[in-house]
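**Student:** sequence-free structure coming up:
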């Protein structure tokens, strides 16, 4: 209980810092989700007919996820320096697989009868993609986006180690100052804020789900 | 004779070299306003042939003409918007409402909103579904039969001249299928579309088709003719075996009760005196008489034994009339009904239930035999 | 493959084969990059010191110990737990877990390691427990999902033939979910070997030390070589696990 109070005191005493770190962290989430999302979805669409291309894309995206996070963050430093750039690149590569795989699964899972009748009625291939395939695959794709967003929140904490900012800053400063006062609070704050952020993002995605998915397929 | 609406000229389709062609040099004409059924065993190429017409499959060689125009001259998507397409799995868009589904092609063709709205309601009523109830529902809320009705409504929405149907009732339970087939026939009488209908079920083909093409492997035509002609004169062994045993029984769906000479048994109208009734019975070669009520509707079968049982009034003697036939019913219905009736024959009434006569096995057989 | 539940229904022979080809290719590419850096960049004395073979060897050993210990710990806890939770009595708990464990992927491993450090002190043991906790969640989730996706009708048939619940578990459910469980183990190993790069933060050693020294002393080659080494290590383990996944699958699946 004491600790909780001290934690809240710590947080409210440094509102500017908290907000800045939070903003940076959110910045990572949004920028990576948008870019990686678009890239992964487009890749999924383009490779969906060709089995080799598709499996290759999936394998490569999977390798990125296998490479240890710290390694992926630092490997680009010689090319782009420290700070936002290497962090963004690493997070981008990490988020590809869940969205890519779900795009492919989602598009694969559409009832072939629906596609056949859409084509037979006279929708052009582009119309079929935009009006039928993507809307029907969207719930699955959105689920992939959710997984990616959770990953990003957790791993972006490491950005602090390459001067990339984010909520990891609190953890780092806390660690450096242990066992001085407020160090523990800093560590817990950084960690808990990640979880809270994840919760908020999850709620936003759930709202997005309700808003963008037709009642007919929920 | 007017130009056939659809013409296939020596059309072939093969997949890869070495494999047997799915369609081999098929030449076929479909007349305007007719229902042409393509029927044959699995894998004979009938679905492939159907999908050549709307270019879901491109022919390897040969030409296809729709209304005199070569179908390859037009952009395929545009071509398909002029043709209605109904498939077995229905394929309604699950993420769109029924109304939106039906509106698909009219929207693609750029109809104005008001016209589309009224057309949606018109189509729903055409397939006997109340627009108020169903317009805003989603496909997942429909039964199989309802879904396919919407499928048909959707195909007819843009008022195409041609309808292509690939085993449309195949995935539906037999009772609903029967009902849908009947409704569809009624619809076709009204709309007079040109329809190419694919099925593997010879009974369905006989019921639905103005002409039937029985296909062999490679979509080769074994016989192309009216159902009656095929049933009475099958072209070869293949056709015969495809018709299966009981071609005569199959033919029973083609004729109606009104074609039969009805047999007349003595009729009694209440109130009737017992000895008069007895005399009428004894004078006739039949064993039963029919008791009519004051609206001339048949109510009971009266035989001698019943009349002799003086403890009961005549109105309550004998056996009740439980089943009846109407002139529009097929001979198949007649046979079924007669077998269910307690006296081996069935009464025939008009739409209002008024007694017209009786249908007996003998009169049925006479009709069948007379056609040769 | 880290914290995602593997999509086993789409494992075509092609994807299995690619699985075994792409990782090694990347490992080789990384190795080449590392070697090129070693040979062609400016290796001054400080860098040499950072990359001293004895140091690297020790760190490698520490990484392996870390990776395996935490993996074993996780396997011993998550799999039995997963089995228990999927038994008849706990449907709500199971659903709750599957949903929230999805959220739990947002838990920063970094934060977890430091928190464990705050009450367990420095050293390798701390990191082992922290990593085990961190990777527990995805492995538990995989186990639950894997056991759930066993075809219910097969279980039904087993029960109909007279198998007890225990027999059904041992003879039907586990063999049929082996693939998913191994995928979970693979996930655990990859995460743990990967996250061990952070062990240096709390005195746990590991190859992260090299990376960190490189960062602190601004020696690019050291950073890169450290990163490449730990990446190759993770890819190698992923590859070995993929082999296990392929060859331990019951025949006929």
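**Tutor:** Done, it's in. Computed from a predicted model, the values in this text were never measured in an experiment.
**Student:** the closest residue to chain C within the stretch 251-372 of chain B: which element?
**Tutor:** As assessed by CB to the nearest CB, chain C sits closest to residue B:336 within the stretch 251-372 of chain B, at 39.2 Å. Just so you know, the C-beta spots here come from the backbone N, C-alpha and C atoms, and that holds for glycine as well. Per DSSP states H and E: residue B:336 is located in helix B:331-340.
**Student:** check which helices and strands the helix or strand that comes right after that helix is in contact with.
**Tutor:** Sequence-wise, the next helix or strand downstream of helix B:331-340 (DSSP H and E) is strand B:345-349. With contacts taken as 3 or more CB pairs under 8 Å, 6 or more residues apart in numbering or on different chains; DSSP states H and E, strand B:345-349 sits against strand B:324-325, helix B:331-340, strand B:355-360.
**Student:** what angle separates strand B:345-349 from helix B:331-340?
**Tutor:** Orientation check (axes from the mean of the first three to the mean of the last three CA atoms, to 10 degrees): strand B:345-349 against helix B:331-340 gives 130 degrees.
**Student:** where does pLDDT dip in the stretch 201-350 of chain B?
**Tutor:** The model of the stretch 201-350 of chain B has pLDDT under 70 over residues B:248.
**Student:** for chain B, see how far away residue C:224 is.
**Tutor:** 49 Å (CB to the nearest CB, to the nearest Å).
**Student:** just the pLDDT at that residue, thanks.
**Tutor:** Residue C:224 carries a pLDDT score of 90 in this model.
**Student:** how about residue C:47?
**Tutor:** 80.
**Student:** which residues touch it?
**Tutor:** When contacts are counted by CB atoms under 8 Å, 6 or more residues apart in numbering or on different chains, residue C:47 touches C:214, C:219, C:221-222.
**Student:** what's the closest residue to it other than its chain neighbours sitting at in phi/psi?
**Tutor:** Distances taken as CB to CB, 6 or more residues apart in numbering or on different chains place residue C:219 nearest to residue C:47, at 4.6 Å, with adjacent residues excluded. Per-residue torsions, residue C:219: phi -110, psi 100 (degrees, to the nearest 10).
**Student:** buried stuff in stretch C:232-250?
**Tutor:** Within stretch C:232-250, the residues scored as buried using 16 or more other CB atoms under 10 Å in any protein chain shown are C:232-235, C:237-239, C:241-242, C:245, C:249.
**Student:** looking at those residues, which is nearest residue B:340?
**Tutor:** If you rank the buried residues of stretch C:232-250 by distance to residue B:340 using CB to CB, residue C:249 comes first, at 59.6 Å.
**Student:** the helix or strand harbouring residue C:57 close to chain A?
**Tutor:** Assigned by DSSP H and E, residue C:57 belongs to helix C:53-85. No: Helix C:53-85 does not reach chain A (CB under 8 Å from any CB of the partner chain); its nearest approach is 9.7 Å.
**Student:** now do that helix: which elements does it pack against?
**Tutor:** By 3+ CB pairs under 8 Å, 6+ apart, helix C:53-85 packs against helix C:91-104, helix C:124-148, helix C:174-195, helix C:208-216, helix C:220-247.
**Student:** and the ones you listed as JSON lines, adding distance to chain A?
**Tutor:** Listed next are those as JSON lines, based on distance: least, CB to the nearest CB, whole Å:
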{"stretch": "helix C:91-104", "distance to chain A": "5"}
{"stretch": "helix C:124-148", "distance to chain A": "9"}
{"stretch": "helix C:174-195", "distance to chain A": "3"}
{"stretch": "helix C:208-216", "distance to chain A": "6"}
{"stretch": "helix C:220-247", "distance to chain A": "4"}
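**Student:** after the lengthiest helix in chain A comes which helix or strand?
**Tutor:** Identified as the longest helix of chain A according to DSSP state H is helix A:15-46. Once the chain leaves helix A:15-46, the next helix or strand it forms, by DSSP H and E, is helix A:51-66.
**Student:** quick one: mean pLDDT for that following helix?
**Tutor:** The pLDDT scores in helix A:51-66 average 92.
**Student:** same for that helix, what does it pack against?
**Tutor:** For helix A:51-66, the packing partners by 3+ CB pairs under 8 Å, 6+ apart are helix A:15-46, helix A:84-108, helix C:13-40, helix C:220-247.
**Student:** in that helix, what counts as buried?
**Tutor:** A:54-66.
**Student:** cool, stretch B:205-212 as well?
**Tutor:** For stretch B:205-212, by 16+ other CB under 10 Å, it's B:205-209, B:211-212.
**Student:** so what touches stretch C:25-37?
**Tutor:** Contacts for stretch C:25-37 (CB under 8 Å, 6+ apart): A:63, A:67, C:221, C:224-225, C:228-229, C:231-232, C:235-236, C:239.
**Student:** could I get those residues as TSV with distance to residue B:68?
**Tutor:** Listed next are the contacts of stretch C:25-37 as TSV, based on distance: CB to CB, whole Å:
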residue	distance to residue B:68
A:63	59
A:67	64
C:221	77
C:224	72
C:225	76
C:228	71
C:229	74
C:231	68
C:232	70
C:235	65
C:236	69
C:239	65
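**Student:** residue B:291 contacts residue B:298, doesn't it?
**Tutor:** Yes: counting by CB atoms under 8 Å, residue B:291 does reach residue B:298; the two are 7.1 Å apart.
**Student:** look at these two and report which has more neighbours.
**Tutor:** Neighbour tally, residue B:291 and residue B:298, criterion other CB atoms under 10 Å in any protein chain shown: the higher count belongs to residue B:291, 25 against 21.
**Student:** from residue B:331, how far out is residue B:252?
**Tutor:** 4 Å (CB to CB, to the nearest Å).
**Student:** name the element residue B:196 belongs to?
**Tutor:** Counting by DSSP H and E, residue B:196 is found in strand B:194-199.
**Student:** for the buried residues of stretch C:232-250, which one is nearest chain B?
**Tutor:** Using CB to the nearest CB, residue C:249 comes nearest to chain B of the buried residues of stretch C:232-250, at 33.5 Å.
**Student:** that closest one in helix, strand or coil?
**Tutor:** coil (DSSP: H, G, I helix; E, B strand; the rest coil).
**Student:** look at the closest residue to it other than its chain neighbours and say how many residues are nearby.
**Tutor:** Excluding its sequence neighbours, the residue lying closest to residue C:249 (CB to CB, 6+ apart) is residue C:179, at 5.3 Å. Counted by other CB under 10 Å, the residues lying close to residue C:179 total 19.
**Student:** and what of residue B:79?
**Tutor:** 18.
**Student:** residue B:290 pairs with what?
**Tutor:** Residue B:290 has these beta-bridge partners by DSSP bridges: residue B:267, residue B:301.
**Student:** so it sits against residue B:298, correct?
**Tutor:** Yes: counting by CB under 8 Å, residue B:298 is a contact partner of residue B:290 at 5.0 Å.
**Student:** who touches both of the two?
**Tutor:** With contacts defined as CB under 8 Å, 6+ apart, the residues shared by residue B:290 and residue B:298 are B:321, B:347, B:355.
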